[in-house]
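Engineer: here is my input, please return the structure:
(2 chains)
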Amino acid sequence: MESENTPARKTLWGLAVVAVLVYALFPVIWIISLSLKTPTSIGDGSFLPTHWTLSNYSSVFNTDFFPPALRNSIGIALITTILALCFASAAAYAITRLDFPGKTLILAGALAVTMFPAISIVGGLYNVWRNVGLFDTWPGLILPYLTFSLPLCIYILSAFFREIPWDLEKAAQMDGATPLQAFRRVILPLAMPGVFTAGILAFIAAWNDFLYANVLTTSNAARTAPVAMAYFTGASQFQQPAGAIAAGAVIVTVPILIMVLIFQRRIVSGLTAGAVKG
Amino acid sequence: MADIVLDSVVKRYPDGFEAVKDLNLSIGDGEFMILVGPSGCGKSTALNMIAGLEDISAGELRIAGKVVNQVAPRDRDIAMVFQSYALYPHMTVRENMAFALRLKKAPKAEIDRKVQEAADILDLTEHLARKPANLSGGQRQRVAMGRAIVRDPKAFLMDEPLSNLDAKLRVQMRAQVARIQRRLNTTTVYVTHDQTEAMTLGDRVAVMLSGVLQQVGSPMELYNNPANLFVAGFIGSPA
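Structural biologist: A predicted model of the protein is given here:
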């Protein structure tokens, strides 16, 4: 259609894009701005800081609980992501490639697990974890995170595995590959976009969690960054720690940004182009 | 190199359908055998059973005198060219062809030599560093052939390898396939639904219909003395 590229249409699109950008980015910019304000000017309501300062950042890192919490967050989220990807790729591969009884049941069961609201099980988990010694440990957080990210990863990965022509696997078998070799050297490289998509989602879910981390931890041993941010206090008891919280929020965003930027470059479609004719 | 013997081989699916019924066929060492028939006649199923990609429900399959019913495809030492080519898209042409040898942990010098040899035969030398996505249909087909050749296997299995090429290229490749097979003198089973390919390529032709072998013989035998009306009609009117 010719009307598709009229100036009026272009302007409308431009306005829409700007509106969405402002809507999405304004809170982020506001937080960054807050984190750069001095404690006295934090409530002045101006969009840009009148007195610029990095003291909020240094005070955040000078607490005795935030740096360990950041370490916990990174470690727990990374381990969760890696374990989720390992288990999910094996499970998704079996579900897409093999015919076994109860296949649909497994997928339905995986989906059902994600339907439990976290709040409904966290209380029970608290008691169980204290009894089995998982309370306030890394595994104590990794386990619940895994149960929620695995079903999602299995779903995403099985969708990607389904896209890969089965002939490729047969060809690998004929070429002398064991099932594991065929999977690792032919199927997995082609499913990489799916692996990275699932990886990003698993990482973000584990990174963002507040509820489990708040209930199931009590010390620097396993407390994660989102929870640690709630422990900020002002310089005196009459001061609000808004600046420190804002600085913490910005710091907590950075690892996610890095993860997404690294992974996103690899999420390119069309990897299987040229495999099979037609 | 080896002979392949199918002894009363049956393929029965779980729903009771018999795709291949009591197939007896013996393919000599170095012979070029064509399996031909209309679609759904069981020729591809028969080929997949020889490859090991499908289980054999009953009967015996022997390669070089050894029963291989329960042998995994990777241990049968036979190469297959797929109708879809099934090239590994994340590997270059060279890596595609070297894949089987690398899995066998062959010495690097030997891999390079064999890949180079195959590339020479197939006229792929200047494309070795390219990925399958950047190749034309004919080139992809030749890479698929090359992947089979480098392995120096006991037998080649080809599943309608030319059916995705345009008419002109198909004639060219047909000649090339015949030439390569004669040069390497490797036992070959070639599945096609194309009567012209059947009549021009093979030493012997096996005609199948609804899972039943109708007749086996040299192209001229089939043409001059068809066993029944179906063979006569199928062979007699090359499309």
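Engineer: how close does residue A:81 get to chain B?
Structural biologist: Per C-beta to the nearest C-beta, to the nearest Å, residue A:81 is found 23 Å from chain B. Just so you know, the C-beta spots here come from the backbone N, C-alpha and C atoms, and that holds for glycine as well.
Engineer: wait, that residue sits on residue A:199?
Structural biologist: Yes: counting by C-beta atoms under 8 Å, residue A:81 does reach residue A:199; the two are 5.3 Å apart.
Engineer: where does chain B dip in pLDDT?
Structural biologist: Low-confidence segments of chain B (pLDDT under 70): B:1, B:237-239.
Engineer: residue B:105: neighbouring residues, count only.
Structural biologist: By other C-beta atoms under 10 Å in any protein chain shown, the residues close to residue B:105 number 7.
Engineer: do the one 5 residues further on as well
Structural biologist: Applying other C-beta under 10 Å, we find 11 other residues in the vicinity of residue B:110.
Engineer: helix or strand for it, which one?
Structural biologist: Taking DSSP states H and E as the definition, residue B:110 sits inside helix B:108-122.
Engineer: which other helices and strands contact the following helix or strand past that helix?
Structural biologist: Per DSSP H and E, the first helix or strand lying C-terminal to helix B:108-122 is helix B:137-149. Judged by 3 or more C-beta pairs under 8 Å, 6 or more residues apart in numbering or on different chains; DSSP states H and E, the packing partners of helix B:137-149 are strand B:78-81, helix B:93-103, helix B:108-122, helix B:167-184.
Engineer: ok, and does the second one reach over to chain A?
Structural biologist: Yes: Helix B:93-103 is in contact with chain A by C-beta under 8 Å from any C-beta of the partner chain, via B:99-100, B:103.
Engineer: dump these to CSV, plus distance to residue A:111 and neighbour count.
Structural biologist: As requested, the residues of helix B:93-103 next to chain A are arranged in CSV below (distance: C-beta to C-beta, whole Å; neighbours: other C-beta atoms under 10 Å in any protein chain shown):
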residue, distance to residue A:111, neighbour count
B:99, 37, 25
B:100, 40, 25
B:103, 37, 18
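Engineer: of those, closest to residue B:8?
Structural biologist: Of all the residues of helix B:93-103 next to chain A, residue B:8 sits closest to residue B:100, with 31.5 Å by C-beta to C-beta.
Engineer: just checking, residue A:128 is part of a helix?
Structural biologist: Yes: per DSSP: H, G, I helix; E, B strand; the rest coil, residue A:128 lies within a helix segment.
Engineer: can you pull the contacts of it?
Structural biologist: Residue A:128 sits next to residue A:134 when contact means C-beta atoms under 8 Å, 6 or more residues apart in numbering or on different chains.
Engineer: count of neighbours near residue B:57?
Structural biologist: Number of residues near residue B:57 (other C-beta under 10 Å) recorded here: 15.
Engineer: may I see the buried residues of the top helix by length along chain A?
Structural biologist: Taking DSSP state H as the criterion, chain A has its longest helix at helix A:66-97. Neighbour counts over helix A:66-97 (16 or more other C-beta atoms under 10 Å in any protein chain shown) mark A:66, A:68-70, A:72-73, A:76-81, A:83-85, A:88-89, A:91-93, A:95-97 as buried.
Engineer: hang on, the earlier thing: so can I have CSV of the residues of helix B:93-103 next to chain A showing distance to residue A:114?
Structural biologist: Output for the residues of helix B:93-103 next to chain A, formatted as CSV (distance: C-beta to C-beta, whole Å):
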residue, distance to residue A:114
B:99, 38
B:100, 42
B:103, 39
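Engineer: tell me the residues of chain B that contact chain A?
Structural biologist: B:51-53, B:72-74, B:78-80, B:82-90, B:99-100, B:103-104, B:131-135, B:137, B:140, B:147, B:151, B:164.
Engineer: drop anything exposed from these.
Structural biologist: B:51-53, B:73-74, B:78-80, B:82-90, B:99-100, B:103, B:131-132, B:135, B:140, B:147, B:151, B:164.
Engineer: returning to what we had before: show me what the helix holding residue B:110 packs onto, helices and strands only.
Structural biologist: For helix B:108-122, the packing partners by 3+ C-beta pairs under 8 Å, 6+ apart come out as helix B:93-103, helix B:137-149, helix B:167-184.
Engineer: which of these sits closest to residue B:33?
Structural biologist: Closest to residue B:33 of these is helix B:167-184 (C-beta to C-beta; 10.6 Å).
Engineer: what's the angle between the lowest-mean-pLDDT helix or strand in chain A and helix A:66-97?
Structural biologist: One helix or strand of chain A scores below all others by mean pLDDT, DSSP states H and E: helix A:103-115, with a mean of 82. Helix A:103-115 and helix A:66-97 are oriented at 160 degrees to each other (axes from the mean of the first three to the mean of the last three C-alpha atoms, to 10 degrees).
Engineer: alpha carbons of helix A:103-115, as PDB, please.
Structural biologist: The C-alpha trace of helix A:103-115 is given here as PDB (Å, rounded to 0.1, in the frame of the first residue of the first chain):
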ATOM      1  CA  LYS A 103       5.300 -37.300  27.900                       C
ATOM      2  CA  THR A 104       2.400 -34.900  27.900                       C
ATOM      3  CA  LEU A 105       2.000 -35.500  31.600                       C
ATOM      4  CA  ILE A 106       5.500 -34.300  32.200                       C
ATOM      5  CA  LEU A 107       5.000 -31.100  30.300                       C
ATOM      6  CA  ALA A 108       1.600 -30.500  32.000                       C
ATOM      7  CA  GLY A 109       3.200 -31.200  35.300                       C
ATOM      8  CA  ALA A 110       6.000 -28.800  34.600                       C
ATOM      9  CA  LEU A 111       3.500 -26.100  33.800                       C
ATOM     10  CA  ALA A 112       1.500 -26.900  36.900                       C
ATOM     11  CA  VAL A 113       4.500 -26.300  39.100                       C
ATOM     12  CA  THR A 114       4.800 -22.700  37.900                       C
ATOM     13  CA  MET A 115       1.200 -22.100  38.800                       C
END
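Engineer: name the helices or strands packed onto it?
Structural biologist: By 3+ C-beta pairs under 8 Å, 6+ apart, helix A:103-115 packs against helix A:66-97, helix A:138-163.
Engineer: select, out of those, the one closest to residue B:218.
Structural biologist: Nearest to residue B:218, of all the helices and strands packed on helix A:103-115, is helix A:66-97, at 41.3 Å by C-beta to C-beta.
Engineer: which residue ends up closest to the midpoint of chain A in space?
Structural biologist: The residue lying closest to the centre of chain A (C-alpha atoms, centre = their mean) is residue A:204, at 1.1 Å.
Engineer: neighbours of the nearest residue to that one once chain neighbours are set aside, how many?
Structural biologist: Take residue A:204 and drop its neighbours on the chain: the residue closest to it by C-beta to C-beta, 6 or more residues apart in numbering or on different chains is residue A:256, 6.1 Å away. The number of residues packed near residue A:256 is 15, by other C-beta under 10 Å.
Engineer: neighbours of residue B:20, how many?
Structural biologist: Neighbour number of residue B:20 under other C-beta under 10 Å is 28.
Engineer: contacting residues around stretch A:64-77?
Structural biologist: Counting by C-beta under 8 Å, 6+ apart, A:60-61, A:138, A:141-142, A:145, A:203, A:206-207, A:220-229, A:231-232, A:248, A:251-252, A:255 sit against stretch A:64-77.
Engineer: out of these, list just those in helices.
Structural biologist: Cross-referencing the contacts of stretch A:64-77 against helices under DSSP H gives A:60-61, A:138, A:141-142, A:145, A:203, A:206-207, A:225-228, A:248, A:251-252, A:255.
Engineer: from these, list the buried ones, please.
Structural biologist: Judged by 16+ other C-beta under 10 Å, buried ones among these: A:60, A:138, A:141-142, A:145, A:203, A:206-207, A:225-228, A:248, A:251-252, A:255.
Engineer: per-residue pLDDT, the one residue in the stretch 1-150 of chain A that gets nearest to chain B?
Structural biologist: When scored by C-beta to the nearest C-beta, the stretch 1-150 of chain A has residue A:99 as its residue closest to chain B, at 9.6 Å. Here the pLDDT value assigned to residue A:99 is 79.
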